[in-house]
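Q: 3D model of this:
(chains A, B and C)
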Amino acid sequence: MQDDLYQLDAPQSSEKSEQAILENLNDSQKQAVSAPLQNMLVIAGAGTGKTRVLVSRISWLIKVCNILPRNILAVTFTNKAAGEMRQRIGAVVGEFLEKQLWANTFHSVCLRLLRSYAPQAGLRPGFTILDTDSQSSLIKRIMKELLPNFKELKPSEIASKISTLKENRYRAQDYIDRGRLLEKNYFDEISKIYAAYEQVCIQENSVDFSELLLRTVELLEKNEAIRNLQHSRFKEILVDEFQDTNALQYTFLRLMAGPTCHVTVVGDDDQSIYGWRGADYTNMKKFVKDFDNVQKIVLALNYRSSQNILDVANCLISENNDRMMEKVLKGTNGQGSKVTIYNCPSDLFETDTVSRCIESLHNKGEKYRDMAILYRNNYLSLGFEQKLTRFHIPYVMFGGQKFFERAEILDALSYLRVLVNEDDDTAALRVINVPARKIGPKVVENLRAICQERNCSVLKAITLLKTYVAEGGNQKELVSLYKKVQPFLEIVESLKAKRTELPLNEFVDLMLNVTGLYTFYQEKDAKEGKVDAENSRVSNLGALVSNVKDFVISYENRTLNEDSLLDDNQDPLLTYLSNITLASTAELKEDGSDENTADAVNMMTVHSSKGLEFKYVFLVGFEQDILPSKRALTSDKYMNEERRLAYVGVTRAKTKLYISYARQRSLFGKTNPAGASPFLREVVRTLSENETKPYEISNALAFYS
DNA sequence: ATGTTCCTTCTTTTT
DNA sequence: GAAGGAACAT
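A: All right, here's what the predicted structure looks like:
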């Protein structure tokens, strides 16, 4: 604390700070970091030190421009990026100042605002966030009720349709009024479901992911006082991965930035790979138009890859016809070794070749953790998993079955959600019969009839039944209905009573016992013969408890500033649930197996590799119909995005890149002819003219014994 | 209400 | 080829 206060009182040493912050930056980086206060667009190619610039710029604002951290808002796309940024800024400006900075994802910034202004935003305090799974099950429920015979669209498809509509600012009524033109198919069904969905969400006091954004935008638009409050607070706003923002996030940004605020956005149109879920890199163009005097800075000096890799990358991306600007990455690490292209007779040869190559690299002293296998589709990982296992090569997979999407975890969280928000029927209905309590569809139907009649939640309906029975009500159906659901109510009530008595982690442990989830999943594990297995359901529940424990510790240590006082009404459980729903991914490390300690080959999709780098990269399955995906052939737009995806894959490599494709591939039990990706053909056609080709083609057959 | 078998599906994924 | 969902039987 002493040190922190010292730092706080010592902004005068700014000349020294200046030097320290600008040290080891190149000219354009320096230009961006030390620019006068203004709106800025930083176009940062792959590996050009984008995060470094952002972190340095924020440090500069704090240490040199003497802007208070609380007047700065840094928005990122993922929690991981936000955490990393906070940590790196903390290292420069000290923890004390770092803690006052808002560095968060779009969604959690919106959540914070909505929690602070719930009533003004049309929400009741304690609202819960719908995860993807809950959203689908809610829609499924609505469809069953409203359109039992409508099978043409899956609940998840409707869910993403609704998300897209929200991202384009269509509420259900807007869609009904003026959406018919947008829709070729199923307009009536979608609008009916959307309208009902909107209503149920309000009833249940829950918001989905897009709703967090949309509601905040609406709040800021219609409430001038709240908007002005944000304007007087945020003097500098910075956005990372700007090419990934969607229309709604862009609107949010415009609303948050007041007349005296400066906005800096950093991004790379060539790395926009989330267009399929609403990301629109033309926001970069819009930004220049909509904001005043935007200073444009281009970073093209690449610190990551050897020149051969960059030559391939530059050539690849140059084929795109919708780029914002011609950008040629120039390396700083010398020519390096050539990119190896493996031409494999079949997918079996491919996995074999890659495994052998990894083995020989390892034998030469390279670490497994410096290598990565990147693929377009998750199903391509299977063959590599098998082959690597046979070669006794350790690997870690990113993505895949996510911890917080597992059934047992979602069950546990649903119980917790009911405790926090008793209107959350989606959560209640998920677990009302888990573990099995003889509450089937019939009982649920009867309950919901009461809900409709009384316009109340499921839990409330059960409570009403209880009162009815206690007061000597004697209608047979109601009494027997109550008997059926009584155990569930008792569990919820007893948990409610104990909630405040115990530390949260102990409470969650207790909950798992009281509800019977532990026993239920123990039996399930036993039936499948995976008792004590690392990925058993019970051990996952255990991991949940320790995750809660970690949360409790950090929650108790949090610094109480004016924002956290506004937050969450001081209910740690509500905070935990919100955090978890907005966190997902690999946030929860399998305890013990810290990724730094385990030396293992990394396996992931190209999408999830964005932002990462590895010494050795194997870009596999670089084939027609895979990369580019079969479905991309329909339009130039999709094709360009696929090419950017390939570009992202290529630019992950530092020292050496291996690209492989098979001439035939077994897929879902069937063997089909395959072949090199047209992207690869483009590159080879263009670069083969060069005297010194940056690549070499290797016939994988020679490897196979 | 629950257990069993058959049938469909098979990009990418964060929040 | 495996997993999740729906229809069917117990």
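Q: helix/strand/coil for residue A:399?
A: coil (DSSP: H, G, I helix; E, B strand; the rest coil).
Q: my read: it touches residue A:603, true?
A: No: under the contact definition of C-beta atoms under 8 Å, residue A:399 does not touch residue A:603, with a separation of 9.1 Å. Any C-beta I mention is one placed from the backbone N, CA and C, and that applies to glycine too.
Q: of these two, who's got more company?
A: residue A:603 (25 against 14; other C-beta atoms under 10 Å).
Q: gap between residue A:186 and DNA strand B?
A: Look at residue A:186 and DNA strand B: by C-beta to the nearest atom of the strand, to the nearest Å, they are 16 Å apart.
Q: next up, the contacts around that residue.
A: Residues in contact with residue A:186, defined by C-beta atoms under 8 Å, 6 or more residues apart in numbering, are A:150, A:152-153.
Q: repeat the analysis, applying 7 Å as the threshold.
A: Applying C-beta atoms under 7 Å, 6 or more residues apart in numbering, one finds that residue A:186 lies in contact with A:152-153.
Q: show residues contacting stretch A:165-174.
A: Residues contacting stretch A:165-174 (C-beta under 7 Å, 6+ apart): A:175, A:179, A:191, A:194-195, A:198, A:210-211, A:214, A:246-248, A:278.
Q: inside helices: which ones of those?
A: The members of the contacts of stretch A:165-174 that map onto helices under DSSP state H are A:175, A:191, A:194-195, A:198, A:210-211, A:214, A:247-248.
Q: now pLDDT too, for these, in a markdown table please.
A: Formatted as a markdown table, these follow (pLDDT from 0 to 100):
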| residue | pLDDT |
| --- | --- |
| A:175 | 93 |
| A:191 | 90 |
| A:194 | 93 |
| A:195 | 94 |
| A:198 | 95 |
| A:210 | 94 |
| A:211 | 96 |
| A:214 | 97 |
| A:247 | 94 |
| A:248 | 95 |
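Q: nearest to DNA strand B, of those?
A: Using C-beta to the nearest atom of the strand, the shortest approach to DNA strand B within the ones in helices among the contacts of stretch A:165-174 belongs to residue A:210, at 7.0 Å.
Q: OK, contacts around that closest one?
A: Contacts for residue A:210 (C-beta under 7 Å, 6+ apart) come out as A:163, A:166-167.
Q: looks to me like residue A:104 is in a strand.
A: Yes: counting by three-state DSSP, one finds residue A:104 located in a strand.
Q: surely residue A:686 meets residue A:316?
A: No: the criterion here is C-beta atoms under 7 Å, and residue A:686 misses it with residue A:316 at 9.2 Å.
Q: and those two? Which one has more around it.
A: For the pair residue A:686 and residue A:316, the greater number of neighbours falls to residue A:316 (23 against 13), based on other C-beta under 10 Å.
Q: for that one, helix, strand, or coil?
A: Relying on three-state DSSP, one would call residue A:316 helix.
Q: quick check: residues of the stretch 201-350 of chain A near DNA strand B?
A: With C-beta under 7 Å from any atom of the strand as the criterion, the stretch 201-350 of chain A comes near DNA strand B at residues A:209-210, A:276-277.
Q: just give the closest residue to the closest residue to DNA strand B within the stretch 201-350 of chain A, not the sequence neighbours.
A: Per C-beta to the nearest atom of the strand, the residue of the stretch 201-350 of chain A with the smallest distance to DNA strand B is residue A:209, at 3.4 Å. Counting by C-beta to C-beta, 6 or more residues apart in numbering, residue A:209 lies nearest to residue A:107, which is 6.3 Å off, once chain neighbours are set aside.
Q: and the closest residue to residue A:651 other than its chain neighbours, how many neighbours?
A: Among residues not flanking residue A:651 along the chain, residue A:46 sits closest, at 3.7 Å (C-beta to C-beta, 6+ apart). Applying other C-beta under 10 Å, we find 25 other residues in the vicinity of residue A:46.
Q: tell me the spacing between residue A:46 and residue A:653.
A: To residue A:653, residue A:46 is 10 Å away according to C-beta to C-beta, to the nearest Å.
Q: isn't residue A:309 right next to residue A:653, touching?
A: Yes: the pair residue A:309 / residue A:653 is scored as a contact, 5.2 Å apart, by C-beta under 7 Å.
Q: separation between the residue positioned nearest the centre of chain A and residue A:284?
A: Against the mean C-alpha coordinate of chain A, by C-alpha atoms, centre = their mean, the closest residue is residue A:78 at 5.4 Å. Here residue A:78 is placed at a distance of 19 Å from residue A:284 (C-beta to C-beta).
Q: could you do residue A:40 as well?
A: To residue A:284, residue A:40 is 12 Å away according to C-beta to C-beta.
Q: and for residue A:47?
A: With distances taken as C-beta to C-beta, residue A:47 is found 19 Å from residue A:284.
Q: kindly report the same for residue A:79.
A: Remark: distance between residue A:79 and residue A:284 (C-beta to C-beta) = 24 Å.
Q: for chain A, give me the ranges with low pLDDT.
A: Judged by pLDDT under 70, chain A has its weakly predicted residues at A:1-14, A:183, A:400-401, A:529-535, A:559-569, A:584-597, A:701-705.
Q: in it, what residue comes closest to DNA strand B?
A: Taking C-beta to the nearest atom of the strand as the measure, the point where chain A comes nearest DNA strand B is residue A:440, at 2.0 Å.
Q: how many neighbours does that residue have?
A: When counting by other C-beta under 10 Å, one arrives at 11 neighbours for residue A:440.
Q: in space, what's closest to it - neighbours in sequence excluded?
A: Skipping the residues right next to it in sequence, residue A:440 comes nearest to residue A:433 by C-beta to C-beta, 6+ apart, at 7.1 Å.
Q: these two touch, right, the one you found and residue A:443?
A: No: contact criterion C-beta under 7 Å: residue A:433 and residue A:443 do not qualify, at 8.3 Å.
Q: roughly how far is stretch A:219-235 from the heart of the chain?
A: Relative to its parent chain, stretch A:219-235 has a centroid offset of 27 Å by C-alpha atoms, centre = their mean, to the nearest Å.
Q: quick one: name the residues of the stretch 351-500 of chain A near DNA strand B.
A: A:376-379, A:399, A:402, A:433, A:436-443.
Q: pull out the buried members of these.
A: Among these, those classed as buried by neighbour count (16 or more other C-beta atoms under 10 Å) are A:376, A:433, A:437, A:439, A:443.
Q: helices - which of the residues you listed land there?
A: Assignment to helices by DSSP H places the following of those there: residue A:443.
Q: helices along the stretch 401-550 of chain A, start to end?
A: Using DSSP state H, counting those that start in this stretch, the helices of the stretch 401-550 of chain A run over residues A:407-420, A:425-431, A:441-454, A:458-470, A:476-498, A:504-514, A:517-527, A:537-557.
Q: which of these sits most buried?
A: Highest mean neighbour count of the helices of the stretch 401-550 of chain A: helix A:425-431, a mean of 25 (counted as mean count of other C-beta atoms under 10 Å).
Q: could I get that one in CSV with only the CA atoms?
A: Taking C-alpha atoms only, helix A:425-431 is exported to CSV below (Å, rounded to 0.1, in the frame of the first residue of the first chain):
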residue,chain,number,x,y,z
ASP,A,425,-38.5,-20.5,-14.5
THR,A,426,-36.0,-21.7,-17.1
ALA,A,427,-33.7,-22.6,-14.3
ALA,A,428,-36.4,-24.0,-12.1
LEU,A,429,-37.9,-26.2,-14.8
ARG,A,430,-34.5,-27.6,-15.7
VAL,A,431,-33.9,-29.0,-12.3
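Q: now do that helix: which elements does it pack against?
A: With contacts defined as 3 or more C-beta pairs under 7 Å, 6 or more residues apart in numbering; DSSP states H and E, helix A:425-431 has these neighbours: helix A:132-146, helix A:407-420, helix A:458-470.
Q: ok, and what's touching that helix?
A: Applying C-beta under 7 Å, 6+ apart, the set of residues contacting helix A:425-431 is A:130, A:134, A:137-138, A:204, A:206, A:411, A:414-415, A:417-418, A:444, A:457-459.
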